[in-house]
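>>> Prediction below, plus the sequence it came from.
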Amino acid sequence: MLFLSYFIRSHWFFIFIQIFVLYLSGIALIWDLSTLFGVHRFVENFSYLTLLSYGFYLAMIWLQRVQPSQYQRSLALANLLIILSSLGFYTLFGQYELEKIKYLPILNLGLPILWLALFMMLRIRNQFSVVTQFILLAFAAILIFYGYFEIFICIAILSWSLSQHDKIVYGLALVTLALSLWFIYYALNVSFLVKSFSIFSSGLLLLALTWILHKFQSKEGINT
């Protein structure tokens, strides 16, 4: 259905819905197969869920090659909902399982590093100075270490929406970013003082990233 809608040039909103439904179908398939084969442990299911999510995240790297251009919005919005859905699953069902997934290097480190490497080579390498690239790498490394790399992907989508002046994607990206930060606050098993310090540090990082995003927006405007 998704391919048929693409070829008949459906409205971007229907493409967006179908991309997200494809993701939900993948989740249903994971749970159905686990039931069929008698695997009822959430760890395996959440591992497959991570692989499924990154399949969609990787498509974001080639976002600007999607044609017609209106479908770029569809893919960006769908990925934002996927980020929210993943965080929702982890918050409601997978706190303990998420801790176990962190010990699987291919999921916790391999996939984010692969995404980051492709993103840096294909999108960032010729856009920023060496210092700015180093700041982005350091920020991404921190998120990878703590297992919250989806925040970096959300910021990448936010930067794209700024460059394209897409208010719909921009609004949902801000909501996704705010909810992601709330998830981190909720998931941290530390004292209130440390949580408060983490929020303050996140604010400083977001201020720095705001400056980088505005610089990226001006670069994109020059290139286009």
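That came in fine, so what should we check first? Residues are numbered from 1 along each chain as shown.
>>> how much space between residue 131 and residue 137?
Using C-beta to C-beta, to the nearest Å, residue 131 is found at 11 Å from residue 137. To be clear about C-beta, it is placed using only N, CA and C from the backbone, and glycine gets the same treatment.
>>> Which one's more surrounded, these two?
Taking neighbours as other C-beta atoms under 10 Å, residue 131 and residue 137 compare with residue 137 leading, 13 against 8.
>>> roughly how far apart are that one and residue 180?
Residue 137 is 20 Å from residue 180, by C-beta to C-beta.
>>> Kindly report the same for residue 165.
Taking C-beta to C-beta, one finds residue 165 at 23 Å from residue 180.
>>> Same check on residue 22?
Using C-beta to C-beta, residue 22 is found at 22 Å from residue 180.
>>> host element of residue 78?
Using DSSP states H and E, residue 78 sits in helix 70-92.
>>> What are the structural domain limits within this protein?
Residue ranges for the domains of the chain, per the TED database: 1-103+150-189, 192-223.
>>> could you pull out the helices for this protein?
Secondary structure of the chain (DSSP state H): helices located at 2-7, 12-36, 42-59, 70-92, 95-101, 105, 111-119, 130-146, 150-164, 167-187, 192-223.
>>> for the third one, packing partners?
Counting contacts by 3 or more C-beta pairs under 8 Å, 6 or more residues apart in numbering; DSSP states H and E, helix 42-59 is packed against helix 12-36, helix 70-92, helix 95-101, helix 111-119.
>>> and if we set it to 10 Å?
On a contact count with 3 or more C-beta pairs under 10 Å, 6 or more residues apart in numbering; DSSP states H and E, helix 42-59 meets helix 12-36, helix 70-92, helix 95-101, helix 111-119, helix 150-164.
>>> hey, which of these is tucked in deepest?
Of all the helices and strands packed on helix 42-59, helix 150-164 carries the top mean neighbour count, a mean of 23, counting by mean count of other C-beta atoms under 10 Å.
>>> Please name every helix or strand in contact with it.
If you count contacts as 3+ C-beta pairs under 10 Å, 6+ apart, helix 150-164 packs onto helix 42-59, helix 70-92, helix 111-119, helix 130-146, helix 167-187, helix 192-223.
>>> Please repeat the previous calculation with a cut-off of 7 Å.
The elements that helix 150-164 packs onto, with contact taken as 3 or more C-beta pairs under 7 Å, 6 or more residues apart in numbering; DSSP states H and E, are helix 70-92, helix 130-146, helix 167-187, helix 192-223.
>>> returning to what we had before: give me the more crowded residue out of residue 165 and residue 180.
residue 180 (20 against 10).
>>> so that one touches residue 153, yeah?
No. Counting by C-beta atoms under 7 Å, residue 180 sits too far from residue 153 to count as a contact (9.8 Å).
>>> can you list residues touching both of those two?
Each of residue 83 lies in contact with both residue 180 and residue 153 under the rule C-beta atoms under 7 Å, 6 or more residues apart in numbering.
>>> these two touch, right, residue 73 and residue 165?
No. Using C-beta under 7 Å, residue 73 is not in contact with residue 165, being 11.4 Å away.
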